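>>> Fold the following, please.
(2 chains)
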Amino acid sequence: EPEVTQTPSHQVTQMGQEVILRCVPISNHLYFYWYRQILGQKVEFLVSFYNNEISEKSEIFDDQFSVERPDGSNFTLKIRSTKLEDSAMYFCASSRFPGGAFFGQGTRLTVV
Amino acid sequence: GQNIDQPTEMTATEGAIVQINCTYQTSGFNGLFWYQQHAGEAPTFLSYNVLDGLEEKGRFSSFLSRSKGYSYLLLKELQMKDSASYLCAVRDDDYKLSFGAGTTVTVRA
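The predicted structure is shown next:
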């Protein structure tokens, strides 16, 4: 069964450093998303991406965040200068139709 | 804004039935999703409702009433592996998902 894959599974970084989280969406999907989940809290929408551009973003997705689809298969989330409060599980998701999504296994980001 | 409410915890016995309710008040509605999430893992898709009524999928069923802003997820013939968090999520007019805080279901032998 096709699945969304994310790398790395766990990333530890120092405050102020840049991180790039990588995702390979399901191949025939057209809509891509990043969500995050701070430990013990609910899943929060960050950004949606369609047709090579951002279609929606939340208040969390400020200027420190960016997304890119550098080639036909990868979808990345960059955090330019990480803060302690960026520590969370980051989920990539994709779908053929807008909205409902299949999630990757997540990258646990720990900022120290 | 989005307001999605579901109970924090529920406990049930193996083989029993549990119903998880979800009420929502959202700016726009374009479907309601239920996801299962085991601790430390990703949410996995369970069901989707966009029209009123019941959708059945094996041991899991989901119901929606748009006029009442209400949905439930029904888990039948509970198994130990069903112990997890169940997330109610509403898709808005911009097609993004807003999640509730999740209901932790504990299945006891």
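
>>> Can I take it that residue A:22 is in a strand?
Yes - counting by DSSP: H, G, I helix; E, B strand; the rest coil, residue A:22 falls inside a strand.

>>> Close to chain B: what parts of chain A are there?
Residues of chain A found near chain B (Cβ under 8 Å from any Cβ of the partner chain) are A:31, A:33, A:35, A:41-45, A:48, A:55-56, A:58, A:91, A:98-106. C-beta here means a position set from N, CA and C on the backbone, and glycine is covered the same way.

>>> Any of those residues buried? List them.
Among the residues of chain A next to chain B, those scoring as buried are A:31, A:33, A:35, A:42-45, A:48, A:55-56, A:58, A:91, A:98-106 (criterion: 16 or more other Cβ atoms under 10 Å in any protein chain shown).

>>> Quick check: the residue lying closest to residue A:101 once chain neighbours are set aside vs residue A:9, distance?
Among residues not flanking residue A:101 along the chain, residue A:93 sits closest, at 3.6 Å (Cβ to Cβ, 6 or more residues apart in numbering or on different chains). The span separating residue A:93 from residue A:9 equals 16 Å under the rule Cβ to Cβ, to the nearest Å.

>>> Give me the pLDDT for residue 39.
Since you didn't name a chain, this refers to chain A. On pLDDT, residue A:39 comes in at 93.

>>> oops, I was thinking of chain B
We note a pLDDT of 91 for residue B:39 in this prediction.

>>> Ok, the one 5 residues further on next?
Note for residue B:44: predicted pLDDT of 93.

>>> What is the three-state secondary structure of the residue nearest the centre of chain A?
Closest residue to the average C-alpha location of chain A: residue A:34 at 3.4 Å, with Cα atoms, centre = their mean. Secondary structure state of residue A:34, per three-state DSSP, is strand.

>>> what about the residue nearest to it when sequence neighbours are not counted, neighbour count?
Once flanking residues are discounted, residue A:34 sits nearest to residue A:46: 4.3 Å by Cβ to Cβ, 6+ apart. Using other Cβ atoms under 10 Å in any protein chain shown, residue A:46 has 22 other residues around it.

>>> List the contacts of residue A:46.
By Cβ atoms under 8 Å, 6 or more residues apart in numbering or on different chains, the contact set of residue A:46 is A:33-36, A:57-58, A:60-61, A:65, A:77, A:90.
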